[in-house]
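*Asks:* After the sequence you'll find the predicted model.
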Amino acid sequence: MKSLSLIAFCLVSTFAFSQDSHYWQQHVDYKMNVTMNAAAYQYKGNQELIYTNNSPDTLKRVFYHLYNNAFQPGSEMDARVQSIADPDRRMVNKIKVDGKDFKESRIAKLKPNEIGYLKISNFKQDGVPAIAKEVGTILEVTLAKPLLPHSKTTLTLDFDGQVPVQIRRSGRNNAEGVEFSMAQWYPKMAEFDFEGWHADPYIAREFHGVWGNFDVNITIDKDYVLGGSGYLQNKNEIGKGYQDAGVTVTYPKKTKTLTWHFIAPNVHDFTWAADKNYLHDVYQIPNGATLHFLYKNNPKIIDNWKKAEPETARLMQFYNQTVGKYPYDQYSVIQGGDGGMEYAMCTLILGEGSYDGLIGVIAHEMAHSWFQHVLASNESKHGWMDEGFTSFLEDLGMNEIAEKKVNNPHSGSYDGYYFMVNSGKELPQSTHSDRFDFNQVYSITSYSKGDIFLSQLIYLIGRDNLMKTLKRYYNDFKFKHPTPNDIKRTAERVSGANLDWYLTDWTQTTNTIDYGIKNVEGATDGVQRTGVTLERIGRMPMPIDLLVEYSDGTKESFYIPLRMMSFEKENPDPAVKRTVLGDWAWATPTYFFEIPKAKSTIKKITIDPSGLMADVKKDNNVFPAEVKPEVKK
């Protein structure tokens, strides 16, 4: 929040953090001690949280997330699984009733010893009891005394937790036999920023948190191997592959448990996983982070995991070069969870299946480290900024390490987007992540259409400008929770183009792009020229790249700037002569220009030969119209 009034706040440049000394964000320092009762899948802990209020507001209440409580019959997550048209297949059982197929919520079937819960007691503020009320997955706390601006308070509590049967992300005994996936396991302070509190109930989407430091002690049976967020502080006492070279770790015979001490600096979450049969490999990136790989001692998967280690290092190096340096000294890839999910300094992924599937999941989840865990946009409100940008980086990374490169590594995202548009079910990207009618539409909107937001910027401002935009965006907004306006303004600063229309049409509406070649006419007066009429059919405006191929094998391109961009893109292919035409105003539905050659010499005219403009109807982008082969019935 600015120190200015809300009105002034809205009028000035809100998010130019690198230039704005009034930017603020809250800060948390966690200290937690937890003891696991592994046999019962339960744990007890205490938490001390020093909360720094950097805002100009006096806070009378604070909110915590209690994510475990979602895994109970009758929870909001359970209700959503039962009501959404296409429930996540991992969260349902397929059953037959009177010969008909049905999907029943797995959460609804959980028994008392299988549910998840997080119960809070003994809540105090600076040693004084405060009122803490559990409301589903949220803890509402009325502070014992108001927290003034620019001041700190110490919040303490005790918690009792039960690890749910693995259903979604966190849980126990997943399908691949991993015993503990401890994600969203502790009382977590909700984010408070210039928009207010973000205390969203947990309905199976993503997460948002406050940056801070975590000091965590985990006491568990000595036979378990742990991996997760943070740096292990007592590695030469624990061993398990963490010890320094040449150190042999032994335990006294009476030792039944070990206490693992982790410190995770400047993160907004803390996650860990544990299993008795983890193998633990360490891979050092030259002049870079140390990679840890923890996976089941399963002969069927060991070769795939070993093969993935150097490729993971290559991906991290590529991501560093493409976006910016990964800011931590460690990253862990851990078998666990129910698919793939990003966390601070680590990921939990399924570890079986094909090698291509394994490296693909690693490529995606690790790419989140730059977006969700360094930039950390609010995924509930702007899921496309994380999932989409992560998909963009993943596409580039997978293409980089592939034996055979492709011209457009984002083509799968375009196909997904076109499918969604044709389904008639699309909602704007500005839709809250919990409000989508279909999981599939949420996924395509966030992943595919979010990916295209960046790849289409290549079409708009050029590849060099887009790559410079990514680096500047990361550098200017790391650890600052950027909003959609920030990526748009960064692209404007780098390129000089006006892009407000792009952010509006692409993310806040379901307007589509559809341009076509309406008419091609040769001159009738004997002069060597051909008239071309283009038309804008869709609501969303775009500049136009157009390629003309002649019968003698030569090529020529034409570029029509979009008037509202006030920008002229550099020639994307200097080997081809380009003519820059007059701009095209959005309100004018057609555009006419002349090619100074006879129509008979023109072999083909194509709108957007790059394929990076997400035109929803390609049939009218080519002259002469391409004849599709008949499909025999």
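*Replies:* Structure's in. What do you need? Since the structure is predicted, the reported quantities are computational estimates derived from the model, not experimental observations.

*Asks:* for the chain, which helix is longest?
*Replies:* helix 299-322 (DSSP state H).

*Asks:* now what about the helix or strand following it, what contacts it?
*Replies:* Counting by DSSP states H and E, the element after helix 299-322 in chain order, helix or strand, is strand 330-335. For strand 330-335, contacts defined as C-beta atoms under 8 Å, 6 or more residues apart in numbering pick out 176, 178, 227-228, 231, 273, 275, 278, 289-296, 308, 312, 316, 345-351, 362, 365-366, 369. Placement of C-beta: from N, CA and C, glycine included.

*Asks:* List only those of these flagged as buried.
*Replies:* Listed as buried from these are 176, 178, 227-228, 231, 273, 275, 278, 289, 291-296, 308, 312, 316, 345-351, 362, 365-366, 369; burial here means 16 or more other C-beta atoms under 10 Å.

*Asks:* Identify those among these that sit within strands.
*Replies:* If you go by DSSP state E, these have 227-228, 231, 273, 275, 278, 291-296, 346-349 in strands.

*Asks:* Contacts for the longest helix of the chain next, please.
*Replies:* Contact with helix 299-322 is made by 279, 281, 283, 285, 288-289, 291, 293, 295, 326, 331, 333, 351-352, 354-355, 358-359, 362-363, 366-367, 369-370, 393, 396-397, 400-401, 467, 470-471, as judged by C-beta under 8 Å, 6+ apart.

*Asks:* what's the spacing between that helix and its chain's center?
*Replies:* Put simply, helix 299-322 sits 20 Å off its chain's centre (C-alpha atoms, centre = their mean, to the nearest Å).

*Asks:* and it with strand 290-296, angle?
*Replies:* Interaxial angle, helix 299-322 versus strand 290-296 (axes from the mean of the first three to the mean of the last three C-alpha atoms, to 10 degrees): 160 degrees.

*Asks:* In helix 299-322, which residues are buried?
*Replies:* Within helix 299-322, the residues that count as buried by 16+ other C-beta under 10 Å are 301, 304-305, 308, 311-313, 315-320, 322.

*Asks:* coming back round to it: out of the ones in strands among the buried ones among the contacts of strand 330-335, what pair is the most spread apart?
*Replies:* Using C-beta to C-beta, the two most remote members of those are Y231 and K296, lying 23.9 Å apart.

*Asks:* now, which of the buried residues of helix 299-322 sits nearest G241?
*Replies:* W305 (13.7 Å).

*Asks:* Roughly how far does the closest one sit from Q317?
*Replies:* Distance, W305 to Q317, using C-beta to C-beta, to the nearest Å: 19 Å.

*Asks:* ditto for S600
*Replies:* Distance of S600 to Q317, computed by C-beta to C-beta: 53 Å.

*Asks:* Save the buried residues of helix 299-322 as TSV, and put in pLDDT and distance to V128 too.
*Replies:* Output for the buried residues of helix 299-322, formatted as TSV (pLDDT from 0 to 100; distance: C-beta to C-beta, whole Å):
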residue	pLDDT	distance to V128
I301	98	52
N304	98	54
W305	98	51
A308	98	51
E311	98	54
T312	98	48
A313	98	50
L315	98	50
M316	98	46
Q317	98	51
F318	98	52
Y319	98	47
N320	98	47
T322	98	50
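
*Asks:* Put together a markdown table for those, with distance to V520 on each row.
*Replies:* Listed next are the buried residues of helix 299-322 as a markdown table, based on distance: C-beta to C-beta, whole Å:
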| residue | distance to V520 |
| --- | --- |
| I301 | 58 |
| N304 | 54 |
| W305 | 57 |
| A308 | 52 |
| E311 | 48 |
| T312 | 51 |
| A313 | 52 |
| L315 | 46 |
| M316 | 50 |
| Q317 | 49 |
| F318 | 43 |
| Y319 | 45 |
| N320 | 48 |
| T322 | 41 |
